[in-house]
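Visitor: I would like the atomic coordinates for the input below:
(one chain, ligands or ions: 1)
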Amino acid sequence: MKVFKFGGASVKDAQGVINVKNIISLYKNEELTVVISAMGKTTNLMEEILKFWYSDKTKMMEKFNILESYHYQIASELEDDQHSITTSIEPFFQRLKKIIAEEPSESFDYEYDKIVPFGEYLSTTIVSQYLNFNGFPNKLLDAAKMIRTNNCFREGQVDWEITQENIKRSFQKYPEKLKITQGFIGGTLEKSTVTLGREGSDYSAAIIAFSLDAQDVTIWKDVAGLLNADPKIFPDAVKLDEIPYEEAIELSYYGATIIHPKTLKPLQNKQIPLYVKSFENPLEEGSVIANVSPIAYTPSYIFKRNQILFSVYPKDFSFIDVDSLSDIFLLLSENHIKINLMQNSALSFSICFDHDSRKLDILIRELSEKYKIKYNEQVELITIRHYTDEAIEKVIGSRKIFVEQKNRTTFQIVVSC
Ligand code: ASP
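Guide: This is a model prediction of the structure:
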C-alpha cells in the first residue's frame, strides 16, 4: 500500500482537485491512502475565525462567509447536474455556525481543536466526493476516530498502540482500494478532535504508513523535491536527490519547512521511504528520504523567520547552574515552548523560539522575579548544514548578529530581520 499526502497548496482550487485525480489515475491499480490538508490557506482562515470568536463577532462572521464562499465556489466548479458536492459540505457549515453562535470556553487550545479541523473535513469531503463521481470509488475515513491522542490540545501526542489498532481495523473494514482521510487531526478518548501541530498532515501520513506497514509515502508539493534552500531566497537552490533519514531529520529539526519534524521517526523505524514529488510534474523523480548512505553534502540553508530571542540574567548574580536551568526547562516544557536554539554563559541563558505572544507573556511573568529579562521580537534564525566559509558569507551580509553558534556540521545565527 502507498500513502500520498496532498498539502493545502495542491488543493487550493478546483483545478488542484482535478490534478489530484490525475495523479491518482497514474496509480489506479494500487492500494492507495490519500491524506489531505485543508484547502489553500484555510487553516489560517480558521485561526482567524477562532481569534475573532473571542474578540469581534462581526469580523468572525466576515471570515466565516469567506470560508463558506471559497469552498462553495470550488465545490460548484467540481459538481455537475447529477452529482452535487455543495450539499455534502453544507452540514459542516451548519455545525460550525452553531458552535460559533455560542460563547467560546476559556480554553483557547480546546476551542482551536474544535474549530480548525473543519478545514480538513471540508477539503476531504470535496475531494472524496469528486473522486467518487469521476470513476475513483473511495472510502472517506475520519482521522479523528483512528488517530488517538491525549488531551494535549494543539499538539496531540499519539497513543501508538490504540492508533495502530484503530487504523488496521478501519482499513480492513472497507474493501475500497482507495481511502481518503484528513491530515493534521486526531481525536481523544472523549471524542474531541485534536490537532497535531501546524503542518501536521505529513505526520498523519507517516502514522498511517507506520500502522499499515506501507510500501512508501509520497508528499506531493509545489516544488520539484527537497531543495537545499528556499528558491524564493536563493534562486540557485538545487534539488537533493537522495537523503539519509538522519540528515532529513536534522534538516527538519532546524526548520526546513518541507517536512513536518515528527514525520520521519515512524518512517525511519520501519524503513519506509519518503518521496517528495512535484504535483505539477508527477512523472519527475523528485527526492527520496530513505536508508541511503551519506553523500558529499552541499550546504543546506534554513531560514526561520518570526522568532523571539529571549534571555534571562539572574538578578542576584548567581551562576546559571543546573538547578536554575532545570527550573527554566520545566517552565518551557509545561508551556510547550520548543527551543530552536539555546546558549548560556555564567550569568545568562538565551533561547530562540517561534513567535508566540502568549508564551512570551508567560515567560516574562514567571521569570521576572528572579531574573532580569531581555528579548528581541521578530528576529530570524538562520541555519546552514554542511557550511562553508562562502556559504556563511552568503547569508550574513550586513545583518546584525545577536547569537552565533558553530559545530562540525552546523552553523547557526540569530539575526535581525
Ligand atoms: N492544514 C494544516 C496546516 O495548514 C495542516 C497541514 O497542512 O499540514 O497547518
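Visitor: contacts and neighbour counts: CA atoms only from here.
Guide: Noted.
Visitor: State the distance from whichever residue of the chain sits closest to the ligand to I320.
Guide: Evaluated by CA to the nearest ligand atom, the chain has E199 as its residue closest to the ligand, separated by 3.1 Å. In this view, E199 and I320 are 35 Å apart by CA to CA, to the nearest Å.
Visitor: Quick one: the strands in the stretch 301-417 of the chain, in order.
Guide: For the stretch 301-417 of the chain, the strands defined by DSSP state E, counting those that start in this stretch occupy 341-345, 348-354, 371-385, 401-406, 410-416.
Visitor: I figured Y254 hits I302, correct?
Guide: Yes - in terms of CA atoms under 8 Å, Y254 counts as a neighbour of I302; the distance is 6.9 Å.
Visitor: Now for the two: what residues contact both?
Guide: Shared contacts of Y254 and I302, defined by CA atoms under 8 Å, 6 or more residues apart in numbering, are found at T383.
Visitor: residues in contact with the residue of the chain closest to the ligand?
Guide: 184, 260.
Visitor: now do T193
Guide: 113-114, 117, 144, 185-187.
Visitor: Skipping its backbone neighbours, what lies nearest I185 in space?
Guide: Of all residues not flanking I185 in the chain, T195 sits nearest, at 4.5 Å (CA to CA, 6 or more residues apart in numbering).
Visitor: In this structure that neighbour contacts N150, no?
Guide: No - shown here, T195 and N150 do not form a contact pair, counting by CA under 8 Å, at 10.6 Å.
Visitor: Of those two, which one has the most company?
Guide: T195 (28 against 17; other CA atoms under 10 Å).
Visitor: Give me the pLDDT value at the more buried one.
Guide: Listed pLDDT for T195 reads 98.
Visitor: And it, its phi and psi?
Guide: Main-chain dihedrals, T195, degrees, to the nearest 10: phi -100, psi 160.
Visitor: Contacts only, for it.
Guide: Counting by CA under 8 Å, 6+ apart, T195 touches 113, 117, 153-156, 184-186.
Visitor: interface residues of this structure facing the ligand?
Guide: 7-8, 37-38, 43, 184, 198-202 (CA under 6 Å from any ligand atom).
Visitor: Show me which of the residues you listed are buried.
Guide: 7-8, 37-38, 43, 184, 199-202 (16 or more other CA atoms under 10 Å).
Visitor: Would you point out the most distant pair within those residues?
Guide: For these, the farthest-apart pair by CA to CA is T43 and D202; their separation is 14.9 Å.
Visitor: which one in the chain is furthest away from the centre?
Guide: D316 (41.4 Å; CA atoms, centre = their mean).
Visitor: about what we covered before: wait, which of the strands of the stretch 301-417 of the chain is closest to E31?
Guide: Of all these, strand 371-385 comes closest under CA to CA, at 37.2 Å.
Visitor: now that closest one, how far from the chain's geometric center?
Guide: 22 Å (CA atoms, centre = their mean, to the nearest Å).
Visitor: strands paired with it, and their directions?
Guide: Sheet pairing of strand 371-385 (DSSP bridges) gives strand 300-314 (antiparallel), strand 410-416 (antiparallel).
Visitor: Would you mind giving those strands as JSON lines with mean neighbour count added?
Guide: Below are these laid out as JSON lines (neighbours: other CA atoms under 10 Å):
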{"stretch": "strand 300-314", "mean neighbour count": "21"}
{"stretch": "strand 410-416", "mean neighbour count": "20"}
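Visitor: Could you export the ones you listed as JSON lines, including mean pLDDT and distance to V292?
Guide: Shown next, in JSON lines, are the strands paired with strand 371-385 (pLDDT from 0 to 100; distance: least, CA to CA, whole Å):
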{"stretch": "strand 300-314", "mean pLDDT": "95", "distance to V292": "18"}
{"stretch": "strand 410-416", "mean pLDDT": "95", "distance to V292": "21"}
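Visitor: D213: which of the ones you listed is closest?
Guide: strand 300-314 (30.9 Å).
Visitor: Which residues does that closest one contact?
Guide: Among residues not part of strand 300-314, those counted as contacts by CA under 8 Å, 6+ apart are 227-230, 251, 254-256, 320, 347-355, 367, 370-387, 414, 417.
Visitor: Can you get me a residue count around K374?
Guide: The burial count for K374: 12, using other CA under 10 Å.
Visitor: ok, it - contacts?
Guide: 310-312.
Visitor: All the helices of the protein, in order from the start?
Guide: For the chain, helices defined by DSSP state H occupy the ranges 14-25, 42-55, 57-78, 86-101, 108-115, 118-133, 143-146, 160-173, 201-212, 245-253, 264-269, 322-334, 357-367, 389-396.
Visitor: how about JSON lines for the strands of the stretch 301-417 of the chain, with distance to A214 added?
Guide: JSON lines is the format used below for the strands of the stretch 301-417 of the chain (distance: least, CA to CA, whole Å):
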{"stretch": "strand 341-345", "distance to A214": "35"}
{"stretch": "strand 348-354", "distance to A214": "33"}
{"stretch": "strand 371-385", "distance to A214": "30"}
{"stretch": "strand 401-406", "distance to A214": "38"}
{"stretch": "strand 410-416", "distance to A214": "33"}
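Visitor: got any ranges where the chain has weak pLDDT?
Guide: The chain contains residues with pLDDT under 70 at 257.
Visitor: what's the residue lying closest to P261 once chain neighbours are set aside in contact with, if anything?
Guide: Closest residue to P261 apart from its sequence neighbours, by CA to CA, 6+ apart: S252 at 5.0 Å. Counting by CA under 8 Å, 6+ apart, S252 touches 258-261.
Visitor: Count the neighbours of E103 for me.
Guide: 9.
Visitor: how about it, phi and psi?
Guide: phi -80, psi 140.
Visitor: May I ask which of the contacts of T193 has the most neighbours?
Guide: I185 (32 neighbours).
Visitor: Go ahead and confirm Q157 touches I147.
Guide: No - using CA under 8 Å, Q157 is not in contact with I147, being 9.8 Å away.
Visitor: which other residues reach stretch 351-369?
Guide: Contacts of stretch 351-369 (CA under 8 Å, 6+ apart): 306-312, 331, 335, 337-343, 373, 377-378, 381.
Visitor: Mind listing what's buried along it?
Guide: 351-355, 359-360, 363-364, 367.
Visitor: Check stretch 69-89 too.
Guide: 70-72, 74-75, 78-79, 84-86, 89.
Visitor: ok, so of those, who is nearest E176?
Guide: I85 (20.2 Å).
Visitor: Now do the closest one against N29, distance only.
Guide: In terms of CA to CA, I85 sits 26 Å off from N29.
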